[in-house]
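In: got a predicted model here, sequence first, then my questions.
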Amino acid sequence: MNDSVNIKVAGFGGQGVMMFGQMLAYAATEEELFALWVPSYGPETRGGTANCSVIVAKKPINSPVFQKADRLVAFNLPSLEKFRDKVEKNGIVLYNSSLIKEPGAISASTVLAVPANDVALSLGNIQVANMVMLGAFLEVTGMFLPATVEHILQKLLGERKAHLMPINLAAIAAGRDLVKNGASSHA
Amino acid sequence: MNDSVNIKVAGFGGQGVMMFGQMLAYAATEEELFALWVPSYGPETRGGTANCSVIVAKKPINSPVFQKADRLVAFNLPSLEKFRDKVEKNGIVLYNSSLIKEPGAISASTVLAVPANDVALSLGNIQVANMVMLGAFLEVTGMFLPATVEHILQKLLGERKAHLMPINLAAIAAGRDLVKNGASSHA
Amino acid sequence: MPKGKLTFDYDHCKGCGLCVTFCPVHILYQDKNAMNNQGYNLIRVTDEDKCIACATCAVMCPDSIITVEVRK
Amino acid sequence: MPKGKLTFDYDHCKGCGLCVTFCPVHILYQDKNAMNNQGYNLIRVTDEDKCIACATCAVMCPDSIITVEVRK
Amino acid sequence: MANKVLMKGNEAIALAAVKGGVEAYFGYPITPQNEVSEYLSKYMFEQGRVFLQAESEVAAINMVYGAAASGKRVMTSSSSPGIALKQEGISYLAGSELPAVIVSVMRGGPGLGGIQPSQADYYQATRGGGNGDYHTIVFAPESIQETVDVMKEAFDVADYYRNPVMVLVDGLIGQMMEAVDFNRPVTKRFLPPKDWAAGGMNGHSGRNTICSLYLDPYELEAHNLKLQKKYQAAIQNETKFELVNMEDPDYVIVAYGTMARVVRSAIEILTKKKLNVGMIRPISVWPFPKAPFKAINRNCKGILVCEMSLGQMLDDVRIMNNGALPVGFFGRAGGIVPEPEEVVDAILHFEQRRVD
Amino acid sequence: MANKVLMKGNEAIALAAVKGGVEAYFGYPITPQNEVSEYLSKYMFEQGRVFLQAESEVAAINMVYGAAASGKRVMTSSSSPGIALKQEGISYLAGSELPAVIVSVMRGGPGLGGIQPSQADYYQATRGGGNGDYHTIVFAPESIQETVDVMKEAFDVADYYRNPVMVLVDGLIGQMMEAVDFNRPVTKRFLPPKDWAAGGMNGHSGRNTICSLYLDPYELEAHNLKLQKKYQAAIQNETKFELVNMEDPDYVIVAYGTMARVVRSAIEILTKKKLNVGMIRPISVWPFPKAPFKAINRNCKGILVCEMSLGQMLDDVRIMNNGALPVGFFGRAGGIVPEPEEVVDAILHFEQRRVD
Amino acid sequence: MDIKYQKSKGLTDKPLSYCPGCTHGIIHKLVAESLEELGLLDRTVGVASVGCSVFSYEFFNCDMIQCPHGRAAAVATGIKRTHPDGIVFTYQGDGDLASIGIAETIHAANRGENITIIFVNNAVYGMTGGQMAPTSLIGQKTTTSPMGRDAHMHGNPIHIAEMFSQIDGVAYLERCSVFNLRQVRNAKAAIKKAFTYQKEGRGFTMVELLSTCPVNWGKTPQDALKWVEEDMTKVFPLKVFKDAGVETHE
Amino acid sequence: MDIKYQKSKGLTDKPLSYCPGCTHGIIHKLVAESLEELGLLDRTVGVASVGCSVFSYEFFNCDMIQCPHGRAAAVATGIKRTHPDGIVFTYQGDGDLASIGIAETIHAANRGENITIIFVNNAVYGMTGGQMAPTSLIGQKTTTSPMGRDAHMHGNPIHIAEMFSQIDGVAYLERCSVFNLRQVRNAKAAIKKAFTYQKEGRGFTMVELLSTCPVNWGKTPQDALKWVEEDMTKVFPLKVFKDAGVETHE
Ligand SMILES: Cc1ncc(C[n+]2csc(CCOP(=O)(O)OP(=O)(O)O)c2C)c(N)n1
Ligand SMILES: Cc1ncc(C[n+]2csc(CCOP(=O)(O)OP(=O)(O)O)c2C)c(N)n1
Ligand code: SF4
Ligand code: SF4
Ligand code: SF4
Ligand code: SF4
Ligand code: SF4
Ligand code: SF4
Ligand SMILES: [Mg+2]
Ligand SMILES: [Mg+2]
């Protein structure tokens, strides 16, 4: 990992964007890295898009805002549109190809099309699309130990949602597999 | 009249202290002098003593407060006590001898004992005690033309209280007479 | 009938006259010739023997000026 | 019975389904395969001929998405 | 003085508002400014204009907000804790760019404090307690005449900038009586019609909305920058002050309102003592005058700030002085109007008064 | 980082308050600080302490007043317009010498404004909008860790001075998550028992009364001078700041809170550009640090004030700098958190940023 | 073809900002249609309060003034007193009206201000994320009553209409809902009557509308309507509380 | 000799600051006597509001807290919630409670705060010099209603007790007066009952007391009492509005 990684996660409200970002921050904290999670807390009403920033670093984090992201995870087209120009040249972009059919040109060194919704549906629960994406993200970035992620997931689901652990893990695994098997990417 | 005269009027609430002071200010304004009337607006509740300051001057008035008064009019003992030390050496003090039986030493060049309540009662209305005092004050200070004072009185009483004009004028006259006839004074 | 004895905290009387108004046997009055420090007339009893110690005057006095004792 | 013709302002539909719920003749449904820009599924009519132009769907639609015309 | 009438400050404020074209007044009782509303309760009624005693200061400022937003000339008045309660409303007025006149008659604080004259609400007036980067234009006159002049003009200034304007006096100015001429001319300003007002669409073309909400931070920033531009214009055009004896002073005193009058008397006494003391008297305290500070002769020995508070305008003087001259402070608190002799003494012992 | 937990700022504030011994919380919902009360609504209940959602900000601060006056550790939290509504209450707390902690999570203004992070309530916090000569002690931390540390200490400071203490953060600190250690030690202070509190006479000897009313101006002045004495002590003892890279800087930046973090990153970039830039970071904004300004090397080329507002702390810097060095300003408004590059640019073009 | 139903001219083109299925939208339509049908749009000034309906100043096709949280009735008073011929209404949530703004609302009612209050009671603070409102039901879980509202700790739900029925200045006061077509029709009639009374200068009029907040209640829009019908109306009975036009009132 | 009547131990030695004949003084005595007789003085915290009774913190012989205008019920809530075993009361005028402070009072009542409100209604703002209060009678001339209160312009007098009778959290609510001995006795019984209910934890209790303001009414103390008896009680009928101890309440 670099000394510091700036990550942007964006999508529709309800797509699990915030939880995606928080899982990264929790995992970083558990691995004794520094982490900062910043939501863009939108209008007091619902709807529209949601996004958050995560910074993971080996030393204390100063500025909570960054100009360009090292990694962008876009769950829908409006989000991709909004942040496509705010990615570092050598950055990594993952987008939800279930919803984004025509991503257009993206100038980043790695671009991954992840059919997150489709995979989640095939697993039987559209809600875990974000975990599919997370799996792909973890695999392509090489961040965090699988055990850390699993532990965090357990913590976040808590007792009340413990029964959802298997499908979430399956989704993460499926996401990882997509990358291992070479999800459509261009450099 | 001096270039500027500082006057303090003090007594119980209800003794007509404020009106006394305002009449001086109105009279001064009518005679094209400069005047400033400052009430000590007490606690929001009633009772206790009331006092006001009046400055009458030939040129614009600056400070609205003064250290020592040139003239003090004290309607009761607590008021005399409060302000006795705040009179110029060459000042004039009038006190209501109907209520103040033992005025004690007063260091001012002229001190007039005015039995204002008694005179007012003898005129048939205790309410005009302040006018008795005003008459004495005007006479001893030589301030303002009688016509001015009469005019102001008329204005202040208005139509609704026009019937009180005679007794008020009689009270002023009685006050003047006290001075003319040498009300008990010491120098 | 019990008989009453009244004590006034004259310094703090405000001369409102409510005691006078409410005394059922009409034995209280305001003394025009006596005044406390605040300039209020003092309350006097015409004939304390007529006082029935009902304490109405004291109860109605807003300033708790009056103490009523029962003479035995 | 009058017959109705429905027009949807699809872009602003929020897919709440109240129109579907309240249609008395049950001819409305959400098309899982079509989505507007906001990610909401579009409302379709199974059989417009059955529409009685009662406008219940339109009245209950919080977002004024539906226009109902009466076919003559 | 033929045209002058002797009047209580608060009543003069009320009458001046009428002369300034006030169409509606909303207020809540508080000493020492009650005569403003008492006067208007009768006079506005007679004039067929609106007077309403609100249920609270919060309600009053929001009634003002409604009347201003719908295009009327409107005012309120209050005193220290009452002005505190109006802060949210004042911030909204500024944010929604609404003109209104707020009269603040200061009494001693903090909290319930007392009811004697004070100048301890200078921060409250010039820094506000409302949220955000806004400014209220604040005039702080020293006499009833000047209060009347400033009141009349305040409505025009408010309309011109579409911004709240405060007239800030201490309780003494509100309570005292002085002769005043109501017919002095007001600076003419070009005031465009209020075609932005939301008073019903048949009053204008198109639909008008009034609001201070901009959820998008870039829009909100643009809105703020627009407000700042107005504030810059106000700094250019509305800064008001008087210079007294400022040719070549040994010391300069800075004072406003009643305190400035006391200082005038002190200067007379000091002149007799052969000490040449000048005064910068801000009439607008926001915008606060800058030029006269730059113009002070450099051999002046120091600046004494005098307030009926424990030092609030002092901040502005230090900013404007910017280290050029030694600064000292003299103040009384709690509702005491100092006597001229106290100011004289402070000048004579300036070194002990130094705050820098 | 073993003892650290990742937590949202607002929730960390809530938990820190509990660790600081808060016995009662009263508040009213407003974005972006709702998580404070949401967290406490559960946690205080579990702890057998008091949580109550008030009907308004005005009610909340007055519930705080009641709990404080009767001797309890108490707090409230709110955001910009909500803090505006609390101003009368804060002035009363100060006037009645009552300890309480007020958390202000700033959003964009004026008026309703927006809900993105801002620092435009600096005046509101440090100058207040309440009436009278009072001060609120205000801490403005830059990270969740520092917020937690400051929160815990705030209750002791409030008790020590019998004065309200404000913890001032922008919405970003409230909303973001960062790892934090709740067990860092708090400076020990000797806190006498609250034998002044009016919580019923069987809790103490004699009869206690709490009030801020002094009708006699001399008494009110004496009361004010007593308060000032406390404020002087607070200036002596509670001024907190951090110096970054201040050995021999070419420029000095002054910034607090989130803005200071951005400045840290900017300094790193500038260092790479071989420009030596230091930072004075006030942690207490009232009392505002003075000493570090006096200590700046005179060959420093200027001071750049950076705020997420259009210039409010700027006043304090100008007062403390007192003309010694050129002062410049960089700020963004409306809820925008500037990027480090913007600060870099402002330093590189310092002359264009000059405000003096 | 005849148009049987289309979007009211009383609404602007701006898409509503409410969550899917939120009945704020239905209530907006009723207000808009009433003003349109009564021909009042161009003499009306609406007051948008703070709550999810804060953006209503963008939705109603008349002059609109957005105002501080809770103060809509005072703002409306300022407008109406200076524009006695205008039609002035406020649109307020339960947090806005029943909690922070109750003083302003009561006093406007007590003065008999000739204005109309549209009071949207959804038993929760919608905009700020679902905190307890004074109207929340006993047992209702909210973000600030995580164990459910408890009468002993939080008091009972406040009955605004019941309280206001005791105020002389009130000319018309009804509690309605919009959970089905019949209720919607009835609610519209009430709103129209309120505006008509205002036009006639009869005094203070208020329509309380039980509304949904699917998002913060954690329910589907459909279940939310059911909750209104089955739970809310038990606590807040639908009825006319006062009608100055009907002299039979007690 | 037995003492039949003397100044209550519930009052301090400080002379009252009220005008001659003002019945604030009588009401003070009743509160003081009630607390004394119930043996509650040393666990009581009183809240003095802003109005002529602002100085009551100097008069009641218990711990006292003076608070901002209108906010006494919120302050009392802060005390009571943190001192559940204390007895907490407020003493408030009609300007304080019915005007600026109505929100705080209603919400304390609605939450059923276990506190006692002594509400002194003299139909005017006494302390500030006689301005109109929301309780001023129709036709009453005040310094801000110089032509007399007019229903059309100012609304009708607000009926606090009537409104509060609709609030669930209220355990006891009575309107009394002190215009003669019988009324004084009755008022004392009401105040004692309110404190007793508080002691028993029954919830919110309030006693409204019609009181005089001879100075601002421009009447002698005697005529002022007559005006209460003859004019005020017509508008503000004396009665028990709610009594949780009596289960017959409607
Ligand atoms: C003075 C102030 N306090 C608090 C807020 C935060 N706030 C925004 S909306 C709202 C309440 C919304 O609830 P409600 O009125 O019931 O409307 P809803 O969203 O449920 O329709 C609050 C407390 C604010 N904007 N201003
Ligand atoms: C915030 C605030 N607003 C206004 C005032 C001024 N004020 C003092 S007492 C009072 C009203 C007194 O009337 P009331 O409550 O009826 O009591 P009364 O004097 O009649 O007994 C007012 C408005 C204040 N002190 N604080
Ligand atoms: S009632 Fe009391 S205060 Fe009034 S006159 Fe009688 S003793 Fe004096
Ligand atoms: S105790 Fe009764 S009888 Fe005696 S003076 Fe008093 S009121 Fe009269
Ligand atoms: S009711 Fe309206 S918004 Fe909801 S699904 Fe139907 S058309 Fe769309
Ligand atoms: S108009 Fe009536 S029948 Fe036709 S779709 Fe709508 S609800 Fe169904
Ligand atoms: S939060 Fe609730 S009230 Fe607000 S728009 Fe969404 S559903 Fe409607
Ligand atoms: S002003 Fe009125 S209420 Fe106040 S003390 Fe005097 S008589 Fe009593
Ligand atoms: Mg709601
Ligand atoms: Mg009253």
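Out: It's in. Ligands and ions are numbered 1, 2, ... in the order given.
In: show me what contacts the residue nearest the centre of chain G?
Out: Chain G has residue G:119 as the residue nearest its centroid, 2.0 Å off, counting by Cα atoms, centre = their mean. Residues near residue G:119 by Cβ atoms under 8 Å, 6 or more residues apart in numbering or on different chains: G:92, G:94, G:97-98, G:160, G:206-209. (Glycine included, C-beta is placed from N, CA and C.)
In: can you redo the residues you listed as JSON lines with secondary structure?
Out: Shown next, in JSON lines, are the contacts of residue G:119 (DSSP: H, G, I helix; E, B strand; the rest coil):
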{"residue": "G:92", "secondary structure": "strand"}
{"residue": "G:94", "secondary structure": "helix"}
{"residue": "G:97", "secondary structure": "helix"}
{"residue": "G:98", "secondary structure": "helix"}
{"residue": "G:160", "secondary structure": "helix"}
{"residue": "G:206", "secondary structure": "strand"}
{"residue": "G:207", "secondary structure": "strand"}
{"residue": "G:208", "secondary structure": "strand"}
{"residue": "G:209", "secondary structure": "strand"}
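In: for ligand 6, tell me which of the residues you listed show up nearby.
Out: Here nothing survives when the contacts of residue G:119 are matched to ligand 6 using Cβ under 6 Å from any ligand atom.
In: pull the most distant pair out of those.
Out: Maximum pairwise distance among the contacts of residue G:119 (Cβ to Cβ): 14.3 Å, between G:98 and G:207.
In: beta partners of the residue nearest to the centre of chain G?
Out: Beta-bridge partners of residue G:119, counted by DSSP bridges, are residue G:92, residue G:208.
In: ditto for residue E:107
Out: As for beta bridges, residue E:107 partners with residue E:117 under DSSP bridges.
In: what's the burial count for it?
Out: Residues lying near residue E:107 (other Cβ atoms under 10 Å in any protein chain shown) number 31.
In: thought it was touching residue E:78?
Out: No. At 10.5 Å, residue E:107 and residue E:78 do not qualify as touching, with contact defined as Cβ atoms under 8 Å.
In: report the contact partners of residue E:68.
Out: Per Cβ under 8 Å, 6+ apart, neighbours of residue E:68: E:74, E:93, E:98-100, G:78.
In: rerun at 7 Å
Out: Contacts here follow Cβ atoms under 7 Å, 6 or more residues apart in numbering or on different chains; on that basis residue E:68 touches E:74, E:93, E:98-100.
In: redo the residues you listed as JSON lines? Include distance to ligand 9.
Out: As requested, the contacts of residue E:68 are exported to JSON lines (distance: Cβ to the ion, whole Å):
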{"residue": "E:74", "distance to ligand 9": "30"}
{"residue": "E:93", "distance to ligand 9": "26"}
{"residue": "E:98", "distance to ligand 9": "27"}
{"residue": "E:99", "distance to ligand 9": "33"}
{"residue": "E:100", "distance to ligand 9": "30"}
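In: the nearest residue to residue E:86 once chain neighbours are set aside sits in which helix or strand?
Out: Nearest residue to residue E:86 in three dimensions, chain neighbours excluded: residue E:61, at 4.1 Å (Cβ to Cβ, 6 or more residues apart in numbering or on different chains). Element membership for residue E:61, per DSSP states H and E: helix E:57-69.
In: quick check, that helix touching ligand 1?
Out: No. Applying Cβ under 6 Å from any ligand atom, one finds helix E:57-69 separated from ligand 1 by no less than 10.1 Å.
In: and that helix, how far out from the chain middle?
Out: Helix E:57-69 sits 19 Å away from the centroid of its parent chain (Cα atoms, centre = their mean, to the nearest Å).
In: average pLDDT for it?
Out: What helix E:57-69 shows for mean pLDDT is 98.
In: buried ones in stretch E:320-338?
Out: E:320-322, E:325-338 (16 or more other Cβ atoms under 10 Å in any protein chain shown).
In: from these, which are also near ligand 10?
Out: Among the buried residues of stretch E:320-338, proximity to ligand 10 is found for none (Cβ under 5 Å from the ion).
In: can you narrow these to ones near chain B?
Out: residue E:337 (Cβ under 7 Å from any Cβ of the partner chain).
In: can you flag which of the buried residues of stretch E:320-338 belong to helices?
Out: The helices, defined by DSSP state H, take in E:320-321 from those.
In: separation between residue A:171 and residue H:106?
Out: Distance from residue A:171 to residue H:106, counting by Cβ to Cβ, to the nearest Å: 52 Å.
In: what does residue G:31 give?
Out: Residue G:31 is 27 Å from residue H:106, by Cβ to Cβ.
In: quick one: mean pLDDT for stretch G:189-204?
Out: What stretch G:189-204 shows for mean pLDDT is 98.
In: what's that stretch in contact with?
Out: Identification of contacts with stretch G:189-204 by Cβ under 7 Å, 6+ apart yields G:30-31, G:34-35, G:38, G:40, G:87, G:108-109, G:112-116, G:118, G:169-172, G:174, G:176, G:205, G:207, G:244-245.
In: chain F contacts on chain G?
Out: G:50, G:66, G:68, G:70, G:99-100, G:125, G:128-129, G:131-132, G:134, G:143-147.
In: for residue G:31 and residue H:106, indicate the residue with more neighbours.
Out: residue G:31 (30 against 24).
In: could you pull up phi and psi at the more buried one?
Out: phi -60, psi -50 (degrees, to the nearest 10).
In: so for it, what's the pLDDT?
Out: 98.
In: I figured it hits residue G:120, correct?
Out: No. When contacts are counted by Cβ atoms under 7 Å, residue G:31 is not listed as touching residue G:120 (10.1 Å).
In: list the contacts for residue 76?
Out: Unless you meant another one, I'm taking chain A. Residues near residue A:76 by Cβ under 7 Å, 6+ apart: A:11-12, A:96, A:99-100, D:39.
In: oops, chain G please
Out: Applying Cβ under 7 Å, 6+ apart, the residues contacting residue G:76 are E:66, G:47, G:88, G:90, G:108, G:113, G:115.
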